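> A structural model of the following input is requested.
(one chain, ligands or ions: 1)
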Amino acid sequence: MTEQSPALDNLLSETRTFPPDGEFAAQANAGAGMYAEAQSDREGFWAEQAEKLDWESRWDQVVDWSNAPFARWFVGGRLNVAFNCVDRHVAAGFGDQVAIHWVGEPGDTREITYAQLQEEVCRAANGLASLGVVAGDRVAIQLQMIPEAIVAMLACARIGALHSVVFGGFSPTALRARVDDAEAKVVITSDGQYRRGKAAAMKAQVDEALVGAESVQRVLVVRRTGAETPEEVPWTESRDIWWHELMATQPAEHEAEAFDSEHPLFILYTSGTTGKPKGILHTSGGYLTQAAYTHRVVFDHKPGQDVYWCTADIGWVTGHSYIVYGPLANRATQVVYEGTPNTPHEGRHWEIVQNYKVSIYYTAPTLIRTFMKWGSDIPAKYDLSSLRVLGSVGEPINPEAWMWYREHIGGGRAPIVDTWWQTETGAIMISPLPGVTHTKPGSAQAPLPGISAKVVDDNGAEVPAGGGGYLVLDKPWPAMLRGIWGDDERYRETYWSRFADQGFYFAGDGAKYDSDGDIWLLGRVDDVMNVSGHRISTTEVESALVSHPAVAEAAVVGASDATTGQGIVAFVILRGSSTDAGEQTVQDLRNHVAGEIGPIAKPRQIMVVSELPKTRSGKIMRRLLRDVAENRDVGDVTTLADASVMDQIASGLKSGS
Ligand code: WT7
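Purely as a prediction, here's the structure:
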């Protein structure tokens, strides 16, 4: 396999294990027998999970893989996803149960019961329909973490329209690319968003994105900050409409129509190895089945008892599956928090856990490491005894962070579930099961019951215990992507060509078995970076850099970073002969990338160089640049077209600093 970061080496010698607590195990949703049960009758096992949903008509076939790699699950079944997430709970008598404890960044709060959620989703469904949105249409949503974001997603699902949620931190250029690719008919956004105590404009940015966007007929605007100047909230009378004004005219009842199990539910764009983001397509029955199943067993969620909190943003798949679809299908009571973890103080999350008695908390390693940096005295000031399950997602969690999480947040008692999955997999695939698994700091351990994954070598042969290679998924799963929007060829090429002979899905991650056969994820093996759990392609950042008039050429690498997992380091060759880049140029370039993609893609560091290391066939050798970025001695340079390039880079850096 390709090089692996030395920081990960220490993961492989971890010997600590934590057996499940007997009391926890006795009440757990998961049981050890599930593995064997799923093994002996995979389809029967998944059918059993699907039966926990409400279907208008049952499927005739659990899975149809005859047209691989395009799967169909619960073939012939019909259901309404939003009905399953909301209405059925109200019908069962739980209308008064709180669905969402919403906490705004400035400190305002809202409690939304399932009955109220139903009313809001119905109004929004009627509202969208009144704007001409019909099943199969695409609706782009760029909203911060406010209840309307969830309502908008569910309203789309209810009428069979596909939502394409675009992270609020993405630039107008990035939003526009996604709107155009999906040909969105409606865009839903807000006047502005609170971020670190300040209100930032949103509508103005969206308007900038939509200049000349042909597919867009209407823009729905949620009022959040109350911004009202034409600079902050520019208005196009024939196109724009306030969310609250539209909702006020809509009936609170809406008949939910059932759709085919394979009816598309959403598109979510994610970075690949080329510059153009991929529109990952998910459908209804299989996706909801696995989102609900995993939420139930991995978090041991008990409706009516637990208070659940996933700290993700709905702009990412974690927000889709573990804020919206999984938890709501399972009748969760959950916290949704609008803001940043250190506004107004660094104990904000723990204060919320204490106030709402949060029992299940799901977050990302990058945030755990940030909490570590802020100091364990901060969580120590709060009562965190309600916490009983802790989750991690987005990147490998280093054992130090895992142990800190266990001790300082989980009181040395709450099991930690390190969940591996991807936008493409739709739901959790590899994870310990609380109450069953003896957990190990840093390892995601084993595929869930019903899921099959392997670590294989270059030829697709499974590696023995102790061996490393590539992670593959060797059997279809219910929540798997159904393709890339508008690009079947790219779908086959990206995921199914690497191990075409074996018919394996190639995840793009390196992995390893330890001597117990547990799986350790080792990071991406392709040109995809993982910065704070966000996937960013090196090519995308390179394209952004070369689109700046001062840049002739750029190469980008992900260098290991103690807090964010990886940090973006760019090497650029400027136009003209100068390598003497002023601080101003570097700042301009960083801001340019933020403008092209979004602030999350801003390089941590930009080094101006006179040459880039290339192979004879012209491929940039990122491995060498990573050595430089991580202050290591540069490795083997024999395949370089010009072996002196690395010396030039090294000396150029010295003189530049
Ligand atoms: C990539 C998927 C899944 C939601 C968040 C990210 C990395 C994710 C883990 C984990 C090691 C992980 C992988 C994967 N990743 N979870 N528990 N341990 N690595 O979704 O943006 O689609 O990124 O995130 O590299 O391929 P995504």
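
> near the ligand, which residues of the stretch 351-500 of the chain? Just list them.
The interface of the stretch 351-500 of the chain toward the ligand, taken as Cβ under 6 Å from any ligand atom, is made up of Val393, Gly394, Glu395, Pro396, Asp418, Thr419, Trp420, Trp421, Gln422, Thr423, Ala444. No exception for glycine: its C-beta is placed from N, CA and C like everyone else's.

> can you redo those residues as TSV with pLDDT?
Shown next, in TSV, are these (pLDDT from 0 to 100):
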residue	pLDDT
Val393	97
Gly394	94
Glu395	91
Pro396	89
Asp418	98
Thr419	98
Trp420	98
Trp421	98
Gln422	97
Thr423	97
Ala444	97
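
> which strand residues bridge whichever residue of the stretch 151-300 of the chain sits closest to the ligand?
Closest to the ligand within the stretch 151-300 of the chain is Thr270: 5.2 Å, counting by Cβ to the nearest ligand atom. Listed beta-bridge partners, Thr270: Lys278 (assigned using DSSP bridges).

> the closest residue to Gly272 other than its chain neighbours: neighbouring residues, count only.
Across the structure, with Cβ to Cβ, 6 or more residues apart in numbering as the measure, the residue nearest Gly272 apart from its sequence neighbours is Lys278 (4.8 Å). Other residues lying near Lys278 total 26 when counted by other Cβ atoms under 10 Å.

> so Lys278 makes contact with Gly483?
No. Under the criterion of Cβ atoms under 8 Å, Lys278 lies out of contact with Gly483, with a separation of 9.7 Å.

> just for the stretch 501-650 of the chain, where's the confidence low?
Along the stretch 501-650 of the chain, the model assigns pLDDT under 70 to residues 577-581.

> need the residues of it near the ligand, please.
For the stretch 501-650 of the chain, the residues found near the ligand under the criterion Cβ under 6 Å from any ligand atom are Ala507, Gly508, Asp509, Leu521, Arg524, Asn530, Gly533, Arg535.

> excluding chain neighbours, what is closest to the fifth one?
Taking Cβ to Cβ, 6+ apart, and ignoring the residues beside it in sequence, Arg524 has Gly508 as its nearest neighbour in space, at 5.6 Å.

> pretty sure the one you found is in contact with Leu522, am I right?
No. The pair Gly508 and Leu522 does not pass the contact test of Cβ under 8 Å, sitting 11.5 Å apart.

> which one's more surrounded, the two?
Neighbour count, other Cβ under 10 Å: between Gly508 and Leu522, Leu522 has more, with 24 against 21.

> so how far is Gly435 from the more buried one?
27 Å (Cβ to Cβ, to the nearest Å).

> and Pro264, by the same measure?
Using Cβ to Cβ, we find Pro264 at a distance of 35 Å from Gly435.

> swap in Lys475?
From Lys475 to Gly435 the distance is 25 Å (Cβ to Cβ).

> what about these two, which has more around it?
Ranked by neighbour count (other Cβ under 10 Å), Lys475 and Gly435 place Gly435 first, with 22 against 17.

> mind listing what the more buried one touches?
By Cβ atoms under 8 Å, 6 or more residues apart in numbering, the residues touching Gly435 are Pro20, Asp21, Phe24, Ala25, Gln27, Ala28, Asn29, Ala30, Gly31, Asp300, Pro415.

> pretty sure it is in a helix, no?
No. Residue assignment for Gly435, taken from DSSP: H, G, I helix; E, B strand; the rest coil, gives coil, which places it outside any helix.

> neighbours of the closest residue to it other than its chain neighbours, how many?
Spatial nearest neighbour of Gly435, excluding adjacent residues (Cβ to Cβ, 6+ apart): Ala28 at 2.8 Å. Ala28 is flanked by 19 other residues according to other Cβ under 10 Å.

> and Ala28, what are its phi and psi?
In terms of degrees, to the nearest 10, the main-chain angles of Ala28 are phi -70, psi 150.

> quick one: it from the ligand, how far?
With distances taken as Cβ to the nearest ligand atom, to the nearest Å, Ala28 is found 21 Å from the ligand.

> wait, that residue touches Val298, no?
No. Taking contact to mean Cβ under 8 Å, the distance of 10.9 Å between Ala28 and Val298 leaves them out of contact.

> mutual contacts of those two, please.
Leu433, Pro434.

> thought Gly411 was touching Leu387?
Yes. In this structure, Gly411 is within contact of Leu387 by Cβ under 8 Å, at 7.1 Å.

> more neighbours: which of the two?
Comparing Gly411 with Leu387 by neighbour count (other Cβ under 10 Å), the higher total belongs to Leu387, at 22 against 13.

> and that one, what does it touch?
Val353, Val358, Ser359, Ile360, Tyr361, Ile409, Gly410, Gly411, Ala414.

> on the three-state scheme, it is what?
Leu387 carries the three-state label coil when classified by three-state DSSP.

> now do it, the pLDDT please.
The score at Leu387 is 98. That number is its pLDDT.

> beta partners of the residue nearest to Met607 when sequence neighbours are not counted?
Nearest non-adjacent residue to Met607, counting by Cβ to Cβ, 6+ apart: Phe571, 5.1 Å away. On the basis of DSSP bridges, Phe571 is bridged to Ala555, Met607.

> what is the neighbour count of Phe571?
28.

> where along the stretch 451-600 of the chain do the helices fall?
Chain-ordered helices for the stretch 451-600 of the chain, with DSSP state H, counting those that start in this stretch as the definition, fall at 488-491, 538-546, 583-596.

> pick the most deeply packed of these.
Of all the helices of the stretch 451-600 of the chain, helix 538-546 carries the top mean neighbour count, a mean of 23, counting by mean count of other Cβ atoms under 10 Å.

> could I get that helix in PDB with only the CA atoms?
Presented in PDB, the C-alpha positions along helix 538-546 are these (Å, rounded to 0.1, in the frame of the first residue of the first chain):
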ATOM      1  CA  THR A 538      -5.800  18.100  -3.200                       C
ATOM      2  CA  THR A 539      -6.800  18.800  -6.800                       C
ATOM      3  CA  GLU A 540      -9.700  21.000  -5.800                       C
ATOM      4  CA  VAL A 541      -7.400  23.300  -3.800                       C
ATOM      5  CA  GLU A 542      -4.800  23.200  -6.500                       C
ATOM      6  CA  SER A 543      -7.400  24.300  -9.100                       C
ATOM      7  CA  ALA A 544      -8.400  27.100  -6.800                       C
ATOM      8  CA  LEU A 545      -4.800  28.200  -6.400                       C
ATOM      9  CA  VAL A 546      -4.000  28.200 -10.100                       C
END
